[in-house]
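I'll drop the sequence and a predicted model, then ask my questions.
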Protein chains: 2
Amino acid sequence: MANTTNISAEALADIDQLDGPLSQRVYTALRDAILDMKLVPGTVLRKAAICEQFGVSRSPVADALTRLSGDGLVDVIPQSATRVTRFSLDEIREECFLRDAVEVAAVKRVAATRTHDQILQLKRNVHLQKLLVEDEDFHGFFEADEAFHKMLLEFTGFRSVAAIAGQLALQLRRVRMLVLPKAGRPAETLAEHAAILDSITDQDPQAAAKAMRYHLAQLINRIEPLERQHPDFFC
Amino acid sequence: MANTTNISAEALADIDQLDGPLSQRVYTALRDAILDMKLVPGTVLRKAAICEQFGVSRSPVADALTRLSGDGLVDVIPQSATRVTRFSLDEIREECFLRDAVEVAAVKRVAATRTHDQILQLKRNVHLQKLLVEDEDFHGFFEADEAFHKMLLEFTGFRSVAAIAGQLALQLRRVRMLVLPKAGRPAETLAEHAAILDSITDQDPQAAAKAMRYHLAQLINRIEPLERQHPDFFC
DNA sequence: CGATCTCAACTGACATGTTAGTTGACAGGT
DNA sequence: ACCTGTCAACTAACATGTCAGTTGAGATCG
């Protein structure tokens, strides 16, 4: 088994410059590392190693791993090991279905209720995306992309719907990082975002729903070929 | 503060006739007790008391509480206390929005793809509901109600979408227990379920979506007056 | 009598010792 | 060469001891 990483790399190291309980900090650090694919699927997480890395005892680490397990980001094999969950095409398809359901419903609502200020914020974000595409700043674009979708969820008027929906699609967020760097994809994404924004501006919920549905469909189309490219990330 | 229950009642006690790790069993027992409203919102959960109840040490209990916190079923006040989360009308409205988005999308899909066997299973379930309404078996009806919605989610063809969606609306499940015993509501619910089933049988996704949307809207309508009736359950 | 300050008791957070289950390498037999 | 049974090393799970922050009752002061 050469391709299953056994050592939790130094690359994750986020030292304790955060606040709050220790277990929370450990959780956040590990979570971010997993979501950013710094800890690739299949990586074995050893409690002892993590304790050493952060200079804490096993309690907060165990606590953090329990939470990550609840998020579906790690698989705990009882009495044996804990590893970063691999992708499952079936599960990804399910999350796409759910994400589609939620985000299409959200964009419909926002198209109907949008305020002038909300349009402005979205326009600003899309403009930023344009600049980032031109600069070929993939990482920056990824963040702006996320912010765009998050904004739409928040503009439903439901304060924490963005948080819950975000939690729901944690796996998807990881895969998107693999999809984005494909040549030309950021530019296409930008165009799709612009189309969504136009429909919202026109207060046309049906058109907005259609644009969003098309946009989200692009993701699953691009994920499926990925299994051949990174076979060790899938189970 | 007389109305905040301070003692975790015996009523929860599910002894260790389950299998798996201890922490899992404790988690399940507490979770079920909370979802069945045997532990009412606001109840303070004392680690020591729970340890005694189950005859285990603090580790598995702490583990279980961490998971429950992740599910949003308990609030942990650092260094102070852990209590069963109270209802928040805002959050409930958000969960209704999400549940609507997901279940309407699901029922649309099922209406389009349903097989003969699936129709049969749904018919059987609705028939069972009818019998339970006639017998005024509220608890049984509640379970059949849940099973009906779960079936619809499973019939999307996405195996675990029911699990994820169920996780999403844990709070709602609690409130539904308060709403159901209202006079006449089970019979109405039954009729709404039947309407949904009819639309699915007719392979009419739009009608099914409309019927589902109407059905789900009844819940939020009935929750809002509830705040006056059980003020100590809300925050 | 009322507002505030103090302190003891209680709670969860964390550290660490112990136990039991799993795994994989290796020896021995086929 | 291959299958198999054994066993040692490793892991997560669990128990328990310690610490620090919170809380609320009662003492103290205005």
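Done, it's in. Residues are numbered from 1 along each chain as shown, chains lettered A, B, ... in the order given.

Just the strands from chain A, written as ranges.
A:74-77, A:81-84 (DSSP state E).

What residues of the last one count as buried?
Going back to what we said before, that points to strand A:81-84. Neighbour counts over strand A:81-84 (16 or more other CB atoms under 10 Å in any protein chain shown) mark A:82-84 as buried. Bear in mind the C-beta positions are built from the backbone N, C-alpha and C, glycine included.

check the residues you listed against DNA strand D, which are close?
Subset of these in contact with DNA strand D: A:Thr82, counting by CB under 7 Å from any atom of the strand.

Which single one of the buried residues of strand A:81-84 is nearest to B:Ala64?
The closest of these to B:Ala64 turns out to be A:Thr82 (CB to CB; 17.8 Å).

sorry, back to before: just give me the closest of the buried residues of strand A:81-84 to B:Leu178.
For the buried residues of strand A:81-84, the nearest to B:Leu178 is A:Thr82 (38.6 Å; CB to CB).

So which bits of chain A are right by chain B?
A:21, A:23, A:62-63, A:66-67, A:70-71, A:78, A:90-91, A:93-95, A:97-98, A:100-102, A:104-106, A:156, A:158-161, A:164-165, A:168 (CB under 8 Å from any CB of the partner chain).

Could you identify the buried members of those residues?
Buried subset of the residues of chain A next to chain B (neighbour count, 16+ other CB under 10 Å): A:23, A:62-63, A:66-67, A:70-71, A:91, A:94-95, A:97-98, A:100-102, A:104-106, A:156, A:158, A:160-161, A:164-165, A:168.

Show me the helices in chain A, by range?
Here chain A has its helices, by DSSP state H, at A:22-35, A:47-54, A:58-71, A:89-113, A:116-134, A:138-154, A:161-168, A:170-179, A:185-201, A:205-223, A:226-229.

With distance to B:Ser199 added, can I get those in JSON lines?
Formatted as JSON lines, the helices of chain A follow (distance: least, CB to CB, whole Å):
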{"stretch": "helix A:22-35", "distance to B:Ser199": "40"}
{"stretch": "helix A:47-54", "distance to B:Ser199": "52"}
{"stretch": "helix A:58-71", "distance to B:Ser199": "36"}
{"stretch": "helix A:89-113", "distance to B:Ser199": "18"}
{"stretch": "helix A:116-134", "distance to B:Ser199": "35"}
{"stretch": "helix A:138-154", "distance to B:Ser199": "29"}
{"stretch": "helix A:161-168", "distance to B:Ser199": "27"}
{"stretch": "helix A:170-179", "distance to B:Ser199": "31"}
{"stretch": "helix A:185-201", "distance to B:Ser199": "28"}
{"stretch": "helix A:205-223", "distance to B:Ser199": "21"}
{"stretch": "helix A:226-229", "distance to B:Ser199": "37"}
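
any chance of those in CSV, plus mean pLDDT and distance to DNA strand C?
Shown next, in CSV, are the helices of chain A (pLDDT from 0 to 100; distance: least, CB to the nearest atom of the strand, whole Å):
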stretch, mean pLDDT, distance to DNA strand C
helix A:22-35, 93, 3
helix A:47-54, 90, 8
helix A:58-71, 94, 4
helix A:89-113, 95, 22
helix A:116-134, 97, 36
helix A:138-154, 95, 28
helix A:161-168, 88, 20
helix A:170-179, 90, 22
helix A:185-201, 96, 37
helix A:205-223, 96, 29
helix A:226-229, 88, 24
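
and B:Val133, which of those helices is closest to it?
It's helix A:89-113; of the helices of chain A, that one is closest to B:Val133 (CB to CB) at 30.1 Å.

Remind me what the closest one packs against, helices and strands.
Under the contact criterion of 3 or more CB pairs under 8 Å, 6 or more residues apart in numbering or on different chains; DSSP states H and E, helix A:89-113 touches helix A:138-154, helix A:161-168, helix A:170-179, helix A:185-201, helix A:205-223, helix B:89-113, helix B:161-168.

what separates the residue most central in space within chain A from A:Arg31, distance-wise?
Nearest residue to the geometric centre of chain A (CA atoms, centre = their mean): A:Arg173, 2.1 Å. Here A:Arg173 is placed at a distance of 11 Å from A:Arg31 (CB to CB, to the nearest Å).

Tell me who's in contact with A:Ala165.
With contacts defined as CB atoms under 8 Å, 6 or more residues apart in numbering or on different chains, A:Ala165 is in contact with A:99, A:102-103, A:106, A:153, B:98.

now do 10 Å
Counting by CB atoms under 10 Å, 6 or more residues apart in numbering or on different chains, A:Ala165 makes contact with A:98-99, A:101-103, A:106, A:149-150, A:153, A:156, A:158, B:94, B:98, B:101, B:168.

Pick the one among the residues you listed closest to DNA strand D.
B:Leu168 (24.7 Å; CB to the nearest atom of the strand).

count of neighbours near A:Gln24?
16 (other CB atoms under 10 Å in any protein chain shown).

burial count for A:Leu22?
Using other CB under 10 Å: A:Leu22 sits among 18 other residues.

what residues does stretch A:193-211 touch?
A:100, A:103-114, A:118-119, A:122-123, A:125-127, A:129-130, A:144-145, A:148-149, A:152, A:155, A:192, A:212-215.

Kindly give a single ChimeraX line that selects the buried subset of the residues you listed.
Only the buried members of those end up in this ChimeraX selection, burial being decided by 16+ other CB under 10 Å:
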select /A:100,103,104,105,106,107,108,109,110,111,114,118,119,122,125,126,129,130,144,145,148,149,152,155,192,212,215
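
CSV for the helices and strands packed on helix A:89-113, including distance to B:Val56?
CSV is the format used below for these (distance: least, CB to CB, whole Å):
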stretch, distance to B:Val56
helix A:138-154, 40
helix A:161-168, 29
helix A:170-179, 31
helix A:185-201, 50
helix A:205-223, 43
helix B:89-113, 32
helix B:161-168, 25
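
right, and the ones you listed - which one's nearest B:Phe233?
Of all these, it is helix B:89-113 that lies closest to B:Phe233, at 10.9 Å by CB to CB.
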